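S.K.: structural data only, the sequence is not supplied:
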């Protein structure tokens, strides 16, 4: 379970991403010329979204999509899995991780997913900065399914923490558009 500090850092990262995502088009438009027309904002249902001049909660049943954008409203969830074990045990191997994906992720997300190798660092519960090999798992699903998929994703995170003695599995959710 993430500590309050880790939750705060993840929430802050999400807030920064939301502000940058919403503010960047307005700032660019202001530099390029006349006042931009009001634009719809892609939002994850159940979240608070800031549109210039307003703050409102997005109902869990409504997702707004820019009229000119291609694709359907989706949520991109990225999970970050470390491989070093805090207890000093052997690192999680590629074979172990892919078996975990087959067993714990694919049944809930059979339409597809992406796994990428990474290198990362974070501050552990003892205050030590840990650098380790990691995996980034990307899941893409319809925004209308966000509330139903949330518990599945939390079970994936908990299963990995329990199986490999991890302090945390980071989660990042972003609204997006996807077309296949």
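M.R.: Perfect, thanks for sending it. Predicted model, so just to flag it, every value in this text is computed and none were measured. Numbers count the residues shown, from 1 in each chain.
S.K.: contacts and neighbour counts: CA atoms only from here.
M.R.: Noted.
S.K.: and residue 76, how close does it get to residue 133?
M.R.: 22 Å (C-alpha to C-alpha, to the nearest Å).
S.K.: higher neighbour count, those two?
M.R.: Comparing residue 76 with residue 133 by other C-alpha atoms under 10 Å, the one with more neighbours is residue 76, at 21 against 15.
S.K.: how about the host helix or strand of that one: buried residues?
M.R.: Using DSSP states H and E, residue 76 sits in strand 72-82. Buried positions in strand 72-82, judged by neighbour count with 16 or more other C-alpha atoms under 10 Å: 73-82.
S.K.: now do that strand: which elements does it pack against?
M.R.: strand 129-142, strand 170-178 (3 or more C-alpha pairs under 8 Å, 6 or more residues apart in numbering; DSSP states H and E).
S.K.: and the angle from the helix or strand following the first one to strand 72-82?
M.R.: This points to strand 129-142. Next helix or strand after strand 129-142 toward the C-terminus (DSSP H and E): helix 146-164. Comparing the axes of helix 146-164 and strand 72-82 via axes from the mean of the first three to the mean of the last three C-alpha atoms, to 10 degrees yields an angle of 10 degrees.
S.K.: between helix 146-164 and strand 129-142, how big is the angle?
M.R.: Going by the same axes, to 10 degrees, helix 146-164 is angled at 150 degrees with respect to strand 129-142.
S.K.: pLDDT on helix 146-164, on average?
M.R.: Helix 146-164 shows a mean pLDDT of 97.
S.K.: quick check: buried residues in that helix?
M.R.: By neighbour count with 16+ other C-alpha under 10 Å, helix 146-164 contains the buried residues 146, 149, 153, 156-157, 159-161, 164.
S.K.: contacts for the strand holding residue 76?
M.R.: Contacts of strand 72-82 from elsewhere in the structure, counted by C-alpha atoms under 8 Å, 6 or more residues apart in numbering, are 42, 44, 63-65, 120, 132-144, 146, 157, 166, 169-179.
S.K.: run the angle between that strand and strand 170-178 for me.
M.R.: Put simply, strand 72-82 runs at 150 degrees to strand 170-178, going by the same axes, to 10 degrees.
S.K.: can you list the strands that strand 72-82 pairs with?
M.R.: strand 129-142 (antiparallel), strand 170-178 (antiparallel) (DSSP bridges).
S.K.: identify each buried residue in the first one, please.
M.R.: Read that as strand 129-142. Applying 16+ other C-alpha under 10 Å to strand 129-142 flags 132, 134-142 as buried.
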